[in-house]
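Colleague: give me a model of this one.
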Amino acid sequence: MRIKNLKEVLSQYEKVSIIGHDNIDVDAFLSGILLSKLLEFLEIKNEFIILEEVKENDTYKIIQELFEINMKEYVNEKEDTNRKLLIEDHYETKHSGEVIACIDHHPNDGEKKYPFLYSRIACSTSYMVYELMQEAGYKISNIEAKMIIASMMIDTVSFRSGKTVEKEVIEAKKLAEQYGINYEELEKYCLCLTPIDEYSVNEIINNGHKYYQYNGNKVKSSYIQIYGRIDRETIIRWISAIKHSIKVESIKMWVFIIFECKTEKTYEYRITKSKVELIESKGILSRGTNIMPKIEKLFS
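Modeller: You can find the predicted model right below:
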C-alpha cells in the first residue's frame with residue numbers, strides 16, 4: 001500500500017516540511033493543508049510552509065473566499081539545509097533541504113529518485129492526497145471535501161481541460177452529494193477567469209507563471225483564462241511586453257497560454273527573442289500534461 005510506504009519513509013525523520021511550488025496556486029496550497037492533516041493523523045510531526053512572499057492575487061482571494069484561510073499565515077521564507085522536504089504538486093525544487101517524498105500529478109520524462117514517489121496524471125494533487133487519506137482510514141470533513149473538489153475543478157478549468165480524468169469527475173460529484181456541496185455553483189466559480197480588464201499588462205503576462213530548467217535553458221510559462229477572443233492589437237501588445245521581459249530575465253523561451261473557455265480552445269504562444277510561434281488546439285489543454293512536456297523535448 002502507498003500509505004504504508006509513505007509512513008515508513010517519513011517516520012524516520014524528526015519533522016517533515018511540506019512545500020508546494022513557487023508562485024503557489026490553489027491546488028498546491030490545499031494539497032499542503034490536506035497533507036499536513038493526513039500526517040498528523042499518521043502521527044508524523046510536520047509543517048506546511050510557503051517559502052516565498054504571498055501576494056494578494058487570485059489564489060489568495062479564492063482561498064480566502066472559499067475557505068476563510070489567510071495564506072500569509074503559512075509563510076516562512078527562511079531557507080534551511082536541514083529540512084526534510086515533502087514536495088507536492090511539483091517534482092523538483094530550488095529550495096534547500098533534502099527531498100524525501102514527492103506527490104505530483106504532472107508526470108514527466110525526467111528521472112526522479114526519491115524515497116517515496118507518487119506521480120500520475122490526475123485532476124489535482126489534492127485528489128491524490130484524498131486517495132492516500134482513504135487508504136489510511138482518514139475520515140474527511142465537509143470543508144476538506146470542498147477543498148478536494150475545488151482543487152480538482154480549478155486545476156482542470158472546471159473539468160474542461162485535457163488532463164481531466166473522467167472517473168475522478170464521477171468521484172467529485174459523489175463527494176459533493178455526500179457532503180451537501182452545491183456542485184454547479186462551485187463549478188461556475190472554479191472557471192477562475194482572469195480579470196484582464198482589471199490587470200496591468202505585466203500582471204496579465206505573468207499570471208500563473210512558472211519557471212523551468214531544461215538542459216540549462218531557462219523557460220518561463222504563464223497563462224490566462226478568458227471567455228471570448230482577444231483582439232489582435234492587444235495580443236501584439238502583450239507579446240511585445242513578453243519580449244522585453246525575456247531580455248531582462250535572460251529567458252530562452254516564454255510559453256504564454258490563452259485558455260479560451262467560451263469555444264474551448266487553447267492558444268499557445270512560444271516566444272523567443274527572435275520568433276513567435278502560435279499553436280492553436282481544440283479543447284482546454286493542460287499546461288503540465290499537454291504543453292510543457294513538448295517544450296521540454298525541444299531542449300533535450
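Colleague: so in this structure, which helix runs the longest?
Modeller: When the chain is parsed with DSSP state H, its longest helix is helix 232-249.
Colleague: parallel or antiparallel, list what pairs with the next helix-or-strand element following that one.
Modeller: Next helix or strand after helix 232-249 toward the C-terminus (DSSP states H and E): strand 253-260. Strand 253-260 has its sheet partners listed here by DSSP bridges as strand 217-226 (parallel), strand 265-271 (antiparallel).
Colleague: as a markdown table, these with distance to Leu85 and mean pLDDT would be great.
Modeller: Every residue, glycine included, has its C-beta placed from N, CA and C. Formatted as a markdown table, those follow (distance: least, CB to CB, whole Å; pLDDT from 0 to 100):
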| stretch | distance to Leu85 | mean pLDDT |
| --- | --- | --- |
| strand 217-226 | 23 | 96 |
| strand 265-271 | 31 | 97 |
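Colleague: can you lay out the ones you listed as TSV showing mean neighbour count?
Modeller: TSV is the format used below for the strands paired with strand 253-260 (neighbours: other CB atoms under 10 Å):
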stretch	mean neighbour count
strand 217-226	19
strand 265-271	20
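Colleague: make JSON lines out of those and add distance to Glu144.
Modeller: Putting the strands paired with strand 253-260 into JSON lines (distance: least, CB to CB, whole Å) gives the following:
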{"stretch": "strand 217-226", "distance to Glu144": "26"}
{"stretch": "strand 265-271", "distance to Glu144": "31"}
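Colleague: between those, which gets nearest to Asn202?
Modeller: Evaluated with CB to CB, the strands paired with strand 253-260 place strand 217-226 nearest to Asn202, the distance being 10.8 Å.
Colleague: can I get that closest one in PDB, CA atoms only?
Modeller: Listed next in PDB are the C-alpha coordinates belonging to strand 217-226 (Å, rounded to 0.1, in the frame of the first residue of the first chain):
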ATOM      1  CA  ASN A 217      17.800  26.600 -20.600                       C
ATOM      2  CA  LYS A 218      15.600  28.800 -18.600                       C
ATOM      3  CA  VAL A 219      12.000  28.600 -19.800                       C
ATOM      4  CA  LYS A 220       9.100  30.600 -18.400                       C
ATOM      5  CA  SER A 221       5.400  29.900 -18.800                       C
ATOM      6  CA  SER A 222       2.300  31.800 -17.800                       C
ATOM      7  CA  TYR A 223      -1.400  31.700 -18.800                       C
ATOM      8  CA  ILE A 224      -4.700  33.400 -18.700                       C
ATOM      9  CA  GLN A 225      -8.300  32.100 -18.800                       C
ATOM     10  CA  ILE A 226     -10.800  34.100 -20.700                       C
END
